[in-house]
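> 3D model of this:
(4 chains)
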Number of protein chains: 2
Amino acid sequence: MARRKDHSREELKEIAIHAGTELVVAEGPAALTARNVAKLIGYTPGTLYNLFENIDALGTAINTKSLRRFSQEIEHILHGHSKPKKQLRKICQAYLDFHQREPELWALCFATPNKTSSEAHQAAVEEVFHPVTAALAPISGGTKAARQDAKILWSTLHGICLLQETGKLDVAENDPAEALVKRFLDQFLNR
Amino acid sequence: MARRKDHSREELKEIAIHAGTELVVAEGPAALTARNVAKLIGYTPGTLYNLFENIDALGTAINTKSLRRFSQEIEHILHGHSKPKKQLRKICQAYLDFHQREPELWALCFATPNKTSSEAHQAAVEEVFHPVTAALAPISGGTKAARQDAKILWSTLHGICLLQETGKLDVAENDPAEALVKRFLDQFLNR
DNA sequence: TTTCTAATTGAACACTGTTCATAATTAATT
DNA sequence: AATTAATTATGAACAGTGTTCAATTAGAAA
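Take a look at the predicted model:
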């Protein structure tokens, strides 16, 4: 039996999240099962239920970390000296990069049904969402309009990556996500 | 044992698709299991595997039917006498209506990972996609641009409904999907 | 009526998530 | 130091999942 003092409760939680992340990266979201994670961290499935409400919550914890990494990239962009429009383009590119660099983690975040949420997760979402509305404010005209535009922008990025993933929209020709986002932004940011 | 001549192979397939649809409508995509469908049609799970490659394929068959119903609505819109832009707005509204009227079938179509595809499904996707590019042609300037814009439009609708579904983007305020789509289209169709 | 063919079954296998009494380990108390 | 109390980990169990396939059965053909 694993020693109880080997790791504190919080340490163990981190270890499980890390192992789960590795599993998803290596084998995709479907590999995130209680038994797989337990085996990888040298515990039994039951232990995971002392750390998380259920397996969905472990997925949410992994997603929270992914979102935090992404929001740090955004923060880095905002601390640069680009103009708002250029910043928005960089943020969009960062999203596309996340999708391309870590498609499995992206899928766990955005292409997999997830019943569970949490305050930490909500906060991470907001940390991604808020900077976009801030950067949009001078363009959209008003805070409320900026928030609406942020939702539109986010939805479009989201949808383009999703459809690229399934390949359903590249029926005949080959439009990389970058090209579609560029065309969208060229119009979206021009007013 | 159910009589072999009660239904032809194709009839049985239709019955299974219909039963599956009822299940999804009543209890959501997660209820689409081999045993549930089998029980509902008075057969055993094994029989389903004579009709479909796997359960995913049954889901795809249901989705194909959903898409066909949707494409018929689109066709109806195109046979009206509206101008292209008005037609596009109506098509978008029809998509939002599909999402609102039959959220479970919509989810099975667009919010559930689906490994399987089929020629019929591909064709149904194209039947939804092609009219949009046709209506966009006079606006976008060129066929290729129209196809790109169709992808953008589709992605945005897609993403807005998805985010509405999870409620993740209506953090504080209440922006109904209609309002976001309207704001998007007001700009998207103006050039 | 017997033979042949095709459809249907149902048991089995390997997986899921999840629960919970029991055992093991550590901390606290006497 | 010995005993007691409080955690923590276990692993077996339950109810599900998709899927396969030998055996059975029904209907058609001979």
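> Assess the claim that A:Ser118 and A:Thr60 are in contact.
Yes. Contact criterion C-beta atoms under 8 Å: A:Ser118 and A:Thr60 qualify, at 5.8 Å. C-beta here means a position set from N, CA and C on the backbone, and glycine is covered the same way.
> neighbour count winner among those two?
A:Thr60 (23 against 14; other C-beta atoms under 10 Å in any protein chain shown).
> quick check, the helix or strand hosting that one touching DNA strand D?
A:Thr60 belongs to helix A:55-78 when assigned by DSSP states H and E. No. Judged by C-beta under 7 Å from any atom of the strand, helix A:55-78 makes no contact with DNA strand D; its nearest approach is 12.8 Å.
> list the buried ones in that helix?
A:55-67, A:70-71, A:73-74, A:77 (16 or more other C-beta atoms under 10 Å in any protein chain shown).
> Toward the C-terminus, what is the element adjacent to it?
Following helix A:55-78 in sequence order, the next helix or strand is helix A:84-101 (DSSP H and E).
> residues in contact with the helix or strand following that next one?
Downstream of helix A:84-101, the next assigned helix or strand under DSSP H and E is helix A:103-110. Helix A:103-110 has contacts (C-beta atoms under 8 Å, 6 or more residues apart in numbering or on different chains) with A:21, A:24-29, A:32, A:59, A:62-63, A:66-67, A:98-99, A:158, A:161-162, A:165, B:113.
> Can you confirm whether helix A:103-110 lies near DNA strand C?
No. Counting by C-beta under 7 Å from any atom of the strand, DNA strand C has no neighbours in helix A:103-110; the shortest distance is 12.7 Å.
> now that helix, how far from the centre of its chain.
In this view, helix A:103-110 has its centroid 7 Å away from the chain centroid, taken as C-alpha atoms, centre = their mean, to the nearest Å.
> helices or strands up against the very next helix or strand once past it?
Of the helices and strands lying after helix A:103-110 in sequence (DSSP H and E), the nearest is helix A:119-140. Applying 3 or more C-beta pairs under 8 Å, 6 or more residues apart in numbering or on different chains; DSSP states H and E, one finds that helix A:119-140 makes contact with helix A:55-78, helix A:84-101, helix A:143-166.
> what would these look like in JSON lines with distance to B:Ala38 and mean pLDDT?
Output for the helices and strands packed on helix A:119-140, formatted as JSON lines (distance: least, C-beta to C-beta, whole Å; pLDDT from 0 to 100):
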{"stretch": "helix A:55-78", "distance to B:Ala38": "27", "mean pLDDT": "98"}
{"stretch": "helix A:84-101", "distance to B:Ala38": "38", "mean pLDDT": "97"}
{"stretch": "helix A:143-166", "distance to B:Ala38": "28", "mean pLDDT": "93"}
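> of those helices, which approaches chain B most closely?
Closest to chain B of the helices and strands packed on helix A:119-140 is helix A:143-166 (C-beta to the nearest C-beta; 3.0 Å).
> Using CSV, list the CA coordinates for that closest one.
Extracted in CSV, the C-alpha atoms of helix A:143-166 (Å, rounded to 0.1, in the frame of the first residue of the first chain):
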residue,chain,number,x,y,z
THR,A,143,-18.1,47.4,-23.3
LYS,A,144,-21.3,45.5,-23.9
ALA,A,145,-20.6,45.4,-27.7
ALA,A,146,-17.0,44.3,-26.9
ARG,A,147,-18.2,41.4,-24.9
GLN,A,148,-20.6,40.3,-27.6
ASP,A,149,-17.8,40.6,-30.2
ALA,A,150,-15.5,38.6,-27.9
LYS,A,151,-18.1,35.8,-27.9
ILE,A,152,-18.4,35.9,-31.7
LEU,A,153,-14.6,35.9,-32.1
TRP,A,154,-14.2,33.1,-29.6
SER,A,155,-17.0,31.1,-31.2
THR,A,156,-15.5,31.4,-34.7
LEU,A,157,-12.1,30.3,-33.6
HIS,A,158,-13.6,27.5,-31.8
GLY,A,159,-15.8,26.4,-34.7
ILE,A,160,-13.0,26.6,-37.3
CYS,A,161,-10.7,24.4,-35.2
LEU,A,162,-13.5,21.9,-34.5
LEU,A,163,-14.4,21.6,-38.2
GLN,A,164,-10.7,21.4,-39.1
GLU,A,165,-10.5,18.6,-36.6
THR,A,166,-13.2,16.5,-38.1
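> What is it packed up against?
Helix A:143-166 packs on helix A:84-101, helix A:103-110, helix A:119-140, helix A:177-188, helix B:143-166, helix B:177-188, going by 3+ C-beta pairs under 8 Å, 6+ apart.
> Turn those into a markdown table, including mean neighbour count.
Listed next are the helices and strands packed on helix A:143-166 as a markdown table, based on neighbours: other C-beta atoms under 10 Å in any protein chain shown:
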| stretch | mean neighbour count |
| --- | --- |
| helix A:84-101 | 18 |
| helix A:103-110 | 21 |
| helix A:119-140 | 18 |
| helix A:177-188 | 18 |
| helix B:143-166 | 22 |
| helix B:177-188 | 18 |
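> nearest to B:Glu11, of the ones you listed?
helix B:143-166 (33.9 Å; C-beta to C-beta).
> and the angle from that closest one to helix A:177-188?
90 degrees (axes from the mean of the first three to the mean of the last three C-alpha atoms, to 10 degrees).
> Now find how far off-centre helix B:143-166 is within its chain.
13 Å.
> quick one, it and helix B:119-140 angle?
110 degrees.
> Export the helices and strands packed on helix A:119-140 to TSV and append columns for distance to B:Gln87.
Shown next, in TSV, are the helices and strands packed on helix A:119-140 (distance: least, C-beta to C-beta, whole Å):
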stretch	distance to B:Gln87
helix A:55-78	38
helix A:84-101	29
helix A:143-166	21
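> Indicate which one of those helices is closest to A:Thr44.
Checked against C-beta to C-beta, the stretch from the helices and strands packed on helix A:119-140 lying closest is helix A:55-78, at 14.1 Å.
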